[in-house]
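# Give me coordinates for this.
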Amino acid sequence: MRLILASASPRRRELLRRAGIPFRARAVSVEETRHPGETPRRYVLRLARAKARAAWRPGARVLGADTVVVAGGRVLGKPRDARDAARMLGLLSGRVHRVLTGVCLLEPDGRRARGEVVATRVWFRRLSRAGIAQYIASGEPFDKAGAYAIQGLASKFVERIDGCYCNVVGLPVSRVCEMLKAANCL
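Residues are numbered from 1 along each chain as shown. This is a model prediction of the structure:
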């Protein structure tokens, strides 16, 4: 099996490596603007499909993924700057939110695709302004959906989760394995 991961994310690469799934990574660039009225689920699935299609080469299976955080009906992607990161962390403080990852497995013919969205609920403890500022100063939140990395310094913010931990990191590995098995790839 030749699997291409349509992602520049070091976290997605590491998750697949640790699961023992052979792949080659190919960074792609797609427009990530959310369409008016588009639900968060449709948004991440559309982006996962677009990324898979952008990385497709004849004869290769391509895995595309996109992750967002949804808090109070707001979709939180990657923060633009420190002020945006502080805003996002303030929205998450003391609340439950959802992490949604759209996953698309594009078949070698380039036409057939399996796609779905995996959701995980995450409970954050209440964060102080000083705690938020200290976390932002670490630099960790800037390339992460929702401005935090559960596997990093932000682990101390998380009281509990309901669902797949790897999904919060950026790729629901168990579900990806099921998709690959269904496609006779594992």
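# Kindly list the longest helix within the chain.
Counting by DSSP state H, the longest helix found in the chain is helix 40-55.
# Just after that helix, pick out the following helix or strand.
Following helix 40-55 in sequence order, the next helix or strand is strand 61-71 (DSSP states H and E).
# Keeping just the C-alphas, turn that next one into CSV.
Output in CSV follows, covering the C-alpha atoms of strand 61-71 (Å, rounded to 0.1, in the frame of the first residue of the first chain):
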residue,chain,number,x,y,z
ARG,A,61,-4.3,6.3,-1.4
VAL,A,62,-4.3,9.7,0.2
LEU,A,63,-5.3,10.6,3.8
GLY,A,64,-6.5,14.2,4.3
ALA,A,65,-7.5,15.6,7.7
ASP,A,66,-8.5,18.9,9.2
THR,A,67,-9.2,19.8,12.9
VAL,A,68,-11.1,22.6,14.5
VAL,A,69,-12.3,23.4,18.0
VAL,A,70,-16.0,24.3,18.5
ALA,A,71,-16.8,26.4,21.6
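# the inter-axis angle of that strand versus helix 40-55?
Per axes from the mean of the first three to the mean of the last three C-alpha atoms, to 10 degrees, the angle that strand 61-71 makes with helix 40-55 is 150 degrees.
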